[in-house]
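*Asks:* need a 3D model of the following:
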Amino acid sequence: MIKDFTFSINRLRFDENYHPSDKTRLTTNFANLARGESRQENLRNVLLMIDNRFNDLAHWDNPNRDRYSVELEIISVDMDIDFSGKSDSFPLIEVLNTTIVDKKANKRIEGLAGNSFSSYVRDYDFSVLLPKYNKDKTEFNVLDNYGNLHGNLFKSVVNSTAYKNNFRKSPVICLSVSTNRIYRRTENQHPVLGIEYQQREFSLTDYYFKKMGMQVRYFMPPNSMAPLAFYFSGDLLSDYSALELISTISTMESFQKVYRPEIYNANSAAADCYQPSLKNQDYSNTRIVYDREERSQLATAQGKYTEENFIKPYHDVLEQWSASYAV
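*Replies:* Below is the predicted model of the structure:
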C-alpha cells in the first residue's frame with residue numbers, strides 16, 4: 001500500500017503591500033487584484049470593504065462601527081512528492097486564513113481557515129478534463145469518478161499533521177451560488193448567517209465539494225443582496241463562533257462584490273425564489289479593477305500545467321493512492 005502523502009504549509013500576509021509569489025495560482029481573487037497599475041489601490045479598497053462589512057455585522061458593543069479589523073493570510077499547501085524515483089513538491093491548494101483584531105479589547109482573535117478556495121487539480125478537472133470528456137457529446141455528462149482524486153487529496157490535507165498543527169478547526173469555504181440553479185427562501189434565519197435558502201439539486205460545484213467531504217448550505221446574511229454558498233464539514237451553526245463566521249462573510253462577500261457585482265452588488269436583494277444571473281444590468285460597480293476574462297483564461301492554462309506536471313507523470317501512483325485512501 002502506498003503511504004499517505006505529506007504536506008507543507010506556508011503563510012503569506014495579504015495586505016496593501018502584497019505581491020503574488022511565483023507559486024501562487026493566479027486565478028485566485030486576491031492574486032488578480034494585486035497586479036497592474038491599480039494594484040495598491042485595489043488592495044487598500046477591498047481591505048477597507050472587509051473591515052466595514054465586519055463592523056456592520058458585529059454591531060453589538062460597537063456603536064461607531066470601528067471596533068474590529070480583519071487580517072488575512074494566504075495559506076499555501078504544497079504536496080511533498082517522493083515516489084517514482086522523484087523528490088519534488090507540487091502546489092496543491094490555497095485558502096485564506098482570517099485573524100480578527102479587537103481594538104477595544106486590545107486582543108487578536110483566531111478566525112477561520114478556508115474562505116476562498118483555489119486548487120490546481122480543480123483547474124485541471126473543470127478546465128481540461130471535463131471539456132475533453134464532453135468534446136464530441138451532444139449532452140453534457142460527468143465522469144463517474146469525477147472529483148475523486150481531488151476530493152481525497154483535500155481530505156488528506158485536512159486530516160494531516162501539518163494542517164492540525166496550524167489550525168484548530170475544519171475549514172469553511174464560502175463561494176458564489178450557481179447561476180444555473182434556483183434558490184428558494186426558507187423560514188430559517190440565523191442571527192449572523194442570515195436567511196437560509198435551499199435548492200432542489202446539487203450544482204456541479206456542490207457535487208465536487210461533496211467529494212471533498214463537505215456539505216453545503218446557502219445563507220443570505222443581513223443587508224446582503226444574494227445568498228452565499230457555505231461548504232463545511234461538521235455543524236456550520238454550532239462549531240463556529242459568531243465572530244469566526246462574520247470574518248468569513250465579510251471577507252468573501254467583499255471579494256464577490258468585486259468578482260460578481262451583478263449578483264452581490266446588485267441594487268435589489270434576492271427574491272424569495274431566486275436564480276442568480278451575470279446578465280443582470282441593475283448593479284453598482286466597485287472602484288476596484290478586476291479582469292474576469294483573464295481569470296477564466298488562466299484557469300485553462302493552469303489546468304494544462306497541472307496535467308503536464310502532476311497528472312501525467314504520477315497518474316498511476318495517484319490513482320492507486322486515491323483508491324486505497326477511499327477504502
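*Asks:* every contact and neighbour count from this point should use C-alpha atoms.
*Replies:* Fine.
*Asks:* which residues in this protein form helices?
*Replies:* In the chain, the helices defined using DSSP state H lie at 29-33, 39-57, 120-124, 130-133, 148-158, 161-166, 204-211, 242-259, 261-264, 292-306, 315-326.
*Asks:* so which of these comes closest to Ser176?
*Replies:* Nearest to Ser176, of all the helices of the chain, is helix 242-259, at 7.0 Å by C-alpha to C-alpha.
*Asks:* pull the residues that contact the closest one.
*Replies:* 29, 46, 49-51, 53-54, 57-58, 70, 98-100, 110-112, 115-116, 172, 174-176, 192-193, 221, 228, 263-265, 285-286, 288, 290, 292 (C-alpha atoms under 8 Å, 6 or more residues apart in numbering).
*Asks:* weed out the non-buried ones from those residues.
*Replies:* Buried by 16 or more other C-alpha atoms under 10 Å: 29, 46, 49-51, 53-54, 57-58, 70, 98-100, 110-112, 115-116, 172, 174-176, 192-193, 221, 228, 263-265, 286, 288, 290, out of the contacts of helix 242-259.
*Asks:* tell me how far stretch 108-127 lies from the chain's centre.
*Replies:* 4 Å (C-alpha atoms, centre = their mean, to the nearest Å).
*Asks:* show me the shaky parts of the stretch 151-300 of the chain.
*Replies:* 289-296 (pLDDT under 70).
*Asks:* at 80 what do you get?
*Replies:* Within the stretch 151-300 of the chain, the segments meeting pLDDT under 80 span 287-298.
*Asks:* Tyr163 versus Thr98, what's the distance?
*Replies:* Going from Thr98 to Tyr163 by C-alpha to C-alpha, to the nearest Å gives 15 Å.
*Asks:* same check on Leu12?
*Replies:* 16 Å.
*Asks:* repeat that for Glu201.
*Replies:* 32 Å.
*Asks:* the two - which one has more neighbours?
*Replies:* A direct count of neighbours by other C-alpha atoms under 10 Å for Glu201 and Tyr163 places Tyr163 higher, at 18 against 11.
*Asks:* ok, the more buried one touching Ser156?
*Replies:* No. Between Tyr163 and Ser156 there is no contact under C-alpha atoms under 8 Å: 9.5 Å.
*Asks:* could the helices of the chain go into a markdown table alongside distance to Thr186?
*Replies:* Converted to a markdown table, the helices of the chain look like this (distance: least, C-alpha to C-alpha, whole Å):
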| stretch | distance to Thr186 |
| --- | --- |
| helix 29-33 | 30 |
| helix 39-57 | 21 |
| helix 120-124 | 31 |
| helix 130-133 | 34 |
| helix 148-158 | 30 |
| helix 161-166 | 35 |
| helix 204-211 | 19 |
| helix 242-259 | 20 |
| helix 261-264 | 20 |
| helix 292-306 | 32 |
| helix 315-326 | 35 |
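*Asks:* among these, which comes closest to Asn280?
*Replies:* Closest among the helices of the chain, using C-alpha to C-alpha: helix 261-264, at 5.5 Å.
*Asks:* contacts for that closest one?
*Replies:* 224-226, 253, 256-257, 276-286.
*Asks:* might you calculate how far it sits from the centre of the chain?
*Replies:* 17 Å.
*Asks:* got it, and stretch 131-151?
*Replies:* On C-alpha atoms, centre = their mean, the centre of stretch 131-151 falls 22 Å from the chain's centre.
*Asks:* buried residues in stretch 224-237?
*Replies:* Ser224, Met225, Ala226, Pro227, Leu228, Ala229, Phe230, Tyr231, Phe232, Ser233, Leu236.
*Asks:* farthest-separated two in the residues you listed?
*Replies:* Between all members of the buried residues of stretch 224-237, the farthest pair (by C-alpha to C-alpha) comes out as Met225 and Ser233, at 25.7 Å.
*Asks:* what's the closest of the helices of the chain to Ile75?
*Replies:* helix 161-166 (10.2 Å).
*Asks:* which other helices and strands contact that closest one?
*Replies:* strand 6-14 (3 or more C-alpha pairs under 8 Å, 6 or more residues apart in numbering; DSSP states H and E).
*Asks:* so who does Thr286 touch?
*Replies:* Lys257, Val258, Pro261.
*Asks:* neighbour-wise, which one of these leads?
*Replies:* Val258 (25 neighbours).
*Asks:* against Pro131, how distant is that one?
*Replies:* 27 Å.
*Asks:* please apply the same query to Ile263.
*Replies:* In terms of C-alpha to C-alpha, Ile263 sits 26 Å off from Pro131.
*Asks:* now the spatially closest residue to Tyr264 that is not a sequence neighbour: how far from Glu196?
*Replies:* Excluding its sequence neighbours, the residue lying closest to Tyr264 (C-alpha to C-alpha, 6 or more residues apart in numbering) is Lys257, at 4.9 Å. Lys257 sits 20 Å away from Glu196 when distances are taken as C-alpha to C-alpha.
*Asks:* and if you look at Lys104?
*Replies:* 32 Å.
*Asks:* which one's more surrounded, those two?
*Replies:* Counted by other C-alpha under 10 Å, Lys104 and Glu196 do not tie: Glu196 has more neighbours, with 20 against 11.
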